[in-house]
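S.K.: Okay, sequence plus prediction incoming.
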Amino acid sequence: MTRHITLTLPLPPSVNAMFGNNRGPGRGRYKTKAYRDWIKAATASLWEQKPQGGFPFFSDAFAIHVSVPLTMRGDVDNRIKGASDFLKSPAGIISDDKHTQSALISRSSDVEPGTCRVTVYEVRT
């Protein structure tokens, strides 16, 4: 059986709401308050689900499936980036999202509003 983990997390903000642009000297991007607040909430949720023996670590190729509520408004594909970034840091479940071999996001009637279900599967190459 392929090694995997499934987590229920708060629904990530849309990628459009994750970062803001600095104006003026030193320009660059910053995490928005909405994104920082979501990271805090997702971290709290993560530790409530910690399996005995700790979380698995995916150092190489993996696949990710994110399920969002059927009734969620907006584009589903705008929600996967926050989840995959979170799995790297602060969760420490994946080494880097550059190892993603496949990503699937879908709406599901069995996902509670305001949450998402994230499953990471080991991919053997």
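M.R.: Received, thanks. Residues are numbered from 1 along each chain as shown.
S.K.: At which residues are the strands of this structure located?
M.R.: Counting by DSSP state E, one finds strands in the chain at the ranges 4-10, 19-22, 28-31, 62-69, 100-108, 115-122.
S.K.: got the contact list for residue 89?
M.R.: Contacts for residue 89 (CB atoms under 8 Å, 6 or more residues apart in numbering) come out as none. Any C-beta I mention is one placed from the backbone N, CA and C, and that applies to glycine too.
S.K.: Return the distance of the spatially most central residue of the chain relative to residue 118.
M.R.: By CA atoms, centre = their mean, the mean C-alpha position of the chain lies nearest to residue 83, the distance being 1.1 Å. Plainly put, residue 83 is 5 Å away from residue 118 if you go by CB to CB, to the nearest Å.
S.K.: JSON lines for the strands of the chain, including mean pLDDT, mean neighbour count and distance to residue 40?
M.R.: As requested, those are exported to JSON lines (pLDDT from 0 to 100; neighbours: other CB atoms under 10 Å; distance: least, CB to CB, whole Å):
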{"stretch": "strand 4-10", "mean pLDDT": "97", "mean neighbour count": "17", "distance to residue 40": "10"}
{"stretch": "strand 19-22", "mean pLDDT": "90", "mean neighbour count": "12", "distance to residue 40": "17"}
{"stretch": "strand 28-31", "mean pLDDT": "90", "mean neighbour count": "11", "distance to residue 40": "11"}
{"stretch": "strand 62-69", "mean pLDDT": "98", "mean neighbour count": "21", "distance to residue 40": "19"}
{"stretch": "strand 100-108", "mean pLDDT": "97", "mean neighbour count": "14", "distance to residue 40": "23"}
{"stretch": "strand 115-122", "mean pLDDT": "98", "mean neighbour count": "20", "distance to residue 40": "15"}
